[in-house]
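Student: The sequence and its predicted three-dimensional model are supplied below.
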Amino acid sequence: MPYRFCVKLLLSLLIGFIYTAPAFSQNSASLNGFVKDATSGETLLFANVILINTAFGTATNNSGYYTLTGLPEGTYEIVCTYIGYTTFRQEITLADGEAQRLDINLTPEGVLLEGVEVTAEKELEEETRSIGVSQLAIESVQRLPTILEPDVFRSLQLIPGVKAASDYSSGLYIRGGSPDQTLILLDRTTVYNPSHFFGFFSTFNPDAIKDVRLYKGGYPSEYGGRLGSVVDIYNKDGNRLETKGGLSLGLLASRAFVEGPYSKGSWMFAVRRSTLEPLLAVLRNQDVDGIPNSFYFIDINGKVNFDASENDRFSVAFYGGTDQLDLPFVDDARIDLAYGNRTLSTNWTHIFSQRLFSNFTLTYSRYFNEPIFQVAGTEFNRTNNVWDLSAKGDFEFIPNDIHSLKIGFWGGLFTFRLRDEFDGQEGLVERIQSSYGSLYVQEIYRPRRDWQFQVGVRLNYFNQGEYLRVEPRISVEHRPNPTTRLQLGYGRYNQFLTLITSELFTGFDLWLTTDDGVRPSFGDQFVAGIKTDLTTEYALDFEVYFRTMEDLFQLDPFLPDAAGLDYSQLFTFGEGFAYGAEMQFRKDEGRLNGFIGYTYGQTERRFPNINDFEYFTPKYDRRHDLNIVANYDLSSRWRLTSVFSLATGQAYTEPVTQYKLLDDPISSEVRSTLISPFNEARLPAYHRLDVGFSRLGKFFKFAESELQIQLINVYGRENVWFYFFEFEDDNTVTRNTIPQIPVPIPNLSFTIRF
Amino acid sequence: MDYKLVLAILVLCVGLGGCDSTDSGGDDREIVVESYLIANEPLNQVRLSRSSSVNQAYDFTASAISNANVTVSLLTEDGSSAERVFDFVTNSEEPGIYKPAIPHRVVPGRQYRLDVDLPGTLDEVTSTTLVPGAFELLQANATIIEYQSDEQLELELTRSITPGRQSVFVFATESLQPTIDLLTPFYRDLIGDDEDDLEDLRITESPIINEGNYEVNENGTITVKLPWLAVAFFGPNRLTANALDDNMFDFIRSQTVQQGGSTLAPGEIPNVIDRVEGGTGIFGSLARSSYEVLITR
């Protein structure tokens, strides 16, 4: 029902658009331009731009560009805001039919003298309070107490609706979805395994990133390919005004970045590498068992911008990251593992006119994962590669203040290769190459200032299996008063890929695709929300969601060997659903700021051969989840940051009865078996407190410095990761507790920026 | 809305919801059967018991069921009815163990059905197995072979036929002289000096391996190679290739997952896929062929 309704509504809006667009485009004035950081020239994405005391307002797009159209002639006060920056105000006068270009430079709060008023205007926040959307300030990623290294995904895990599998995992479990249901984009390029240290960290270096945006659900038509959510990350462009750099020394890894201008644009390079080698060498010299011969990660980000003209900007961005482990264990056994990602994107932003904005991108993404096991003279090795080459284009046409139209395409070639070799003999060999394509059209219709309709449809095609899918999306927003937004959304989503992963270890992650007999997954999402500004300082957001997951396909967990099987026989097919409510209470400004996020969520799935094909709760389900993030400026130099988390224990299986097979003709070992209600028990409640202090200062008068001292798990809570049930020689069963981070862990880092 | 009220609601919600909510489920003890039919070998015994609580030490004798009526039937070619029925009997000295009253050699490629009936109750347990087609070892490339030398032991086997699917094998290496000083380096380091674990290593089994891993020779046979990983002891070893029926295939692949190592999250323990109606356990069958080899250092 919602499906047909959305398509009809979109058609009627488009027809209305065609009829009304010319009338508005003839005599009205328009205002457009980029919003940039005044100290670096970096474009600011999703900054808010409004004309005071009018109905006109918008936000900058993914390129930091804004357009206000349909403006009557006259004099206005334009106001631009962005979190962490002082408010920009300027009076402008527009003549009848004038198209005025106004690039806005915002000054960061940090460069101002004390006492200058810094107040974000809540009513101006446009995009960042859309339904299902959260934006993450990179400064907060760098300030939050963290396990050894600042991490984008671990910061995202604090947002309501986003859950962590464990202290050891940076994977994103969003609104009941598994990590593969989230599309991860870096400069518009898909990243297939965004992890370091086998899941402990995400791959994104906070020094290189300027913007992180999370669409938790009900995401718009311009995105596609995943059932659940989108994380859209953009690298910095690089400083367009002066050469800057930074160096950060930490316990686990060290980072360096440098950025600067050149005659036609800017550039940025950032590198991060783990620095565990000295510690490993000491342990090795002390004959400690299990010390790897090699264990490191490295990643490099870079971007070069070429500002060809006022209306044409080109950029090339790349990312390369690798994890390497060479671990001998017991006598005559060894694991050698390398995995990583490479991405390359070239982007062209072209402004056709004050009403028509465009962006074109060519992307390349490669994921590789090549483990080798050598045990007692027998070698097993696997080669898994994903190559994704694509081209995408987006057009944004804003003829007036009532209509805004986005149209775009995304097409490419996806290649997947998996090869297993055991003891010199080739086992499973799969190579799938599929072209894919999608088209979308998305209309934002604002008949009045207090109503906004966003309707879109996305058409997806995946050549492998020849699947064609239509995805309608719709959202409605009503503002009964200036401080309240009521929001509703619906969307249909399809997914042509599935990720084979382990919560224990992401180094062996595999991506598999649909094919004949393996239908794409699909699901519907229904979202409703209320966003309110309680006062000028406090905001409260509340959202509820319900989503379905149909035709889920995953590698059969009981599959012992894939050799000789048809591709479809590798999978087991299931379904699921999730629903929940999220609340976020925020205070963005002042000496004390932060947020309280609470989530009630439930997700269930069912697959054959598990729980008699009845619905069960997966391990990552957490009914109640509370996160409190608080920052307090003790002085102009000292800052205190703390994070407290409290959540329902995760689901697990508590065995009830057992038996043993005593006559096994194959093995001399008794085959012990458990009988259990699947995942019907809950681990003890999870809670943890992290605190951190940072001190700003000068480093030999030529650089700014920041010393961070942090303590993770302050009071040493022994949260349970999982229980492992072991059969003892005396025929009893012992429950062993595998803890999450069980003791307080200090973290120290020193950063200079020059 | 007063923000203090919001805070209070949040704290209350989480305070209530964050508490432990442990549900250990019921304590249903199931009837457990265990029996294996081996192609061209005599009928094996049937073990019958009930599962026992994980909170107490497992004791087969204490869990044994000794008053059941147990039969194994050879079904007709189409599987629709019993061609022959074999009664199984127990005695007081071996509670829970039922042995065939008359000898019978298991026919490869045929179906057998186990029926268990507990008098005075409604409990009935049945399970059916299709015995894999027999196969034989035609030749091997060596009788004595040096451990981890370039030349590995290769066996040429005729193919085992299981209708509707490729054959699946488990290769077992049984040491005929399992002493601690004969352990190969990997296994020696694994168990240290604990001789109690030697029995567990006496027979080492491979994971389940599909026939698709092996190339079919021009004469229709397949050649399998013994991975060195399968050799736990130097000295005389017996290598056995076991072709599994569906019941054993399902049981082993799912029982293995109970101890982790699959794509399931840690702490998620699925029940085994047992193909037993009215109970659990295994009524499976296999075909096998063996070869003896001397592994030198």
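Tutor: Done, it's in.
Student: B:Leu157 versus the residue of chain A found nearest chain B, what's the distance?
Tutor: The nearest approach of chain A to chain B comes at A:Gly564, 1.7 Å away (C-beta to the nearest C-beta). The C-beta positions use only the backbone N, C-alpha and C, and glycine is treated the same way. With the distance defined as C-beta to C-beta, to the nearest Å, A:Gly564 ends up 16 Å from B:Leu157.
Student: Helix or strand: which one has the nearest residue to A:Gly199 once chain neighbours are set aside?
Tutor: Sequence neighbours aside, A:Thr506 is the residue nearest to A:Gly199 in space, at 3.7 Å (criterion: C-beta to C-beta, 6 or more residues apart in numbering or on different chains). When secondary structure is defined using DSSP states H and E, the element that contains A:Thr506 is strand A:505-513.
Student: Which strands or helices does the helix or strand following that strand pack on?
Tutor: Beyond strand A:505-513 in the direction of the C-terminus, DSSP H and E gives the next helix or strand as strand A:521-533. Of the remaining helices and strands, those touching strand A:521-533 by 3 or more C-beta pairs under 8 Å, 6 or more residues apart in numbering or on different chains; DSSP states H and E are strand A:484-495, strand A:538-555.
Student: Output the last one in PDB, but only the C-alpha positions, please.
Tutor: The C-alpha coordinates for strand A:538-555 follow below in PDB (Å, rounded to 0.1, in the frame of the first residue of the first chain):
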ATOM      1  CA  TYR A 538      18.300  22.200  25.400                       C
ATOM      2  CA  ALA A 539      16.900  20.000  22.700                       C
ATOM      3  CA  LEU A 540      15.000  16.800  22.900                       C
ATOM      4  CA  ASP A 541      14.600  14.400  20.000                       C
ATOM      5  CA  PHE A 542      12.300  11.400  20.000                       C
ATOM      6  CA  GLU A 543      11.900   8.800  17.300                       C
ATOM      7  CA  VAL A 544      10.100   5.400  16.900                       C
ATOM      8  CA  TYR A 545      10.700   2.900  14.100                       C
ATOM      9  CA  PHE A 546       9.500  -0.400  12.800                       C
ATOM     10  CA  ARG A 547      11.300  -2.200  10.100                       C
ATOM     11  CA  THR A 548      11.000  -5.600   8.300                       C
ATOM     12  CA  MET A 549      13.800  -7.700   6.800                       C
ATOM     13  CA  GLU A 550      12.700 -10.200   4.200                       C
ATOM     14  CA  ASP A 551      14.700 -12.700   2.100                       C
ATOM     15  CA  LEU A 552      17.800 -12.300   4.300                       C
ATOM     16  CA  PHE A 553      20.500 -14.500   3.000                       C
ATOM     17  CA  GLN A 554      23.600 -15.500   4.900                       C
ATOM     18  CA  LEU A 555      26.200 -18.200   4.700                       C
END
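Student: could you give the angle of that strand to strand A:521-533?
Tutor: For strand A:538-555 and strand A:521-533, the angle between their directions (axes from the mean of the first three to the mean of the last three C-alpha atoms, to 10 degrees) works out to 170 degrees.
Student: can you list the helices and strands packed on strand A:521-533 in JSON lines and add distance to chain B?
Tutor: Converted to JSON lines, those look like this (distance: least, C-beta to the nearest C-beta, whole Å):
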{"stretch": "strand A:484-495", "distance to chain B": "11"}
{"stretch": "strand A:538-555", "distance to chain B": "5"}
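Student: give me the beta-bridge partners of A:Val470?
Tutor: When assigned by DSSP bridges, A:Val470 has beta-bridge partners A:Leu459.
Student: mind listing what the residue lying closest to A:Phe416 once chain neighbours are set aside touches?
Tutor: Take A:Phe416 and drop its neighbours on the chain: the residue closest to it by C-beta to C-beta, 6+ apart is A:Ile432, 4.7 Å away. Neighbouring residues of A:Ile432 by C-beta atoms under 8 Å, 6 or more residues apart in numbering or on different chains: A:Phe414, A:Thr415, A:Phe416, A:Arg417, A:Gln464, A:Thr513, A:Asp515, A:Tyr567.
Student: I only care about these that end up buried; give me the PyMOL line for that.
Tutor: With 16 or more other C-beta atoms under 10 Å in any protein chain shown as the burial test, the buried ones among the contacts of A:Ile432 are selected in PyMOL as follows:
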select buried, chain A and resi 414+415+416+464+513+515+567
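Student: Could you save the contacts of A:Ile432 as a markdown table and add columns showing secondary structure and pLDDT?
Tutor: As requested, the contacts of A:Ile432 are exported to a markdown table (DSSP: H, G, I helix; E, B strand; the rest coil; pLDDT from 0 to 100):
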| residue | secondary structure | pLDDT |
| --- | --- | --- |
| A:Phe414 | strand | 95 |
| A:Thr415 | strand | 94 |
| A:Phe416 | strand | 90 |
| A:Arg417 | strand | 91 |
| A:Gln464 | coil | 88 |
| A:Thr513 | strand | 90 |
| A:Asp515 | strand | 90 |
| A:Tyr567 | helix | 89 |
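Student: Looking at chain A, which strand is longest?
Tutor: Residue-count comparison of every strand in chain A, with assignments taken from DSSP state E, identifies strand A:425-448 as the longest.
Student: got the buried residues for that strand?
Tutor: Buried residues in strand A:425-448, defined by neighbour count with 16+ other C-beta under 10 Å: A:427-428, A:430, A:432, A:434, A:436-446.
Student: For the strand holding A:Thr506, name the packing helices and strands.
Tutor: Other helices and strands packing on strand A:505-513, by 3+ C-beta pairs under 8 Å, 6+ apart, are strand A:333-351, strand A:356-375, strand A:378-397, strand A:403-422, strand A:497-502, strand A:538-555.
Student: what about the helices in chain A?
Tutor: Assigned by DSSP state H, chain A shows helices spanning A:2-25, A:138-143, A:152-156, A:277-285.
Student: Of the ones you listed, which shows the lowest average pLDDT?
Tutor: Of all the helices of chain A, helix A:2-25 carries the lowest average pLDDT, namely a mean of 52.
Student: okay, A:Gly564 and B:Leu157: which has more neighbours?
Tutor: Neighbours per residue (other C-beta atoms under 10 Å in any protein chain shown) separate A:Gly564 from B:Leu157, with B:Leu157 holding more: 24 against 17.
Student: contacting residues for the more buried one?
Tutor: Applying C-beta under 8 Å, 6+ apart, we find B:Leu157 in contact with B:Phe135, B:Glu136, B:Leu137, B:Leu138, B:Thr221, B:Ile222, B:Thr223, B:Val224, B:Ala241, B:Ser289.
Student: Same question for B:Val33.
Tutor: So, once contact is read as C-beta under 8 Å, 6+ apart, B:Val33 ends up touching B:46-48, B:114, B:116, B:125, B:127, B:276, B:279-283.
Student: Show the pLDDT at the closest residue to it other than its chain neighbours.
Tutor: In space, B:Val33 comes closest to B:Gly281 once its chain neighbours are excluded; the distance is 4.2 Å by C-beta to C-beta, 6+ apart. In this model, B:Gly281 is scored at 96, pLDDT.
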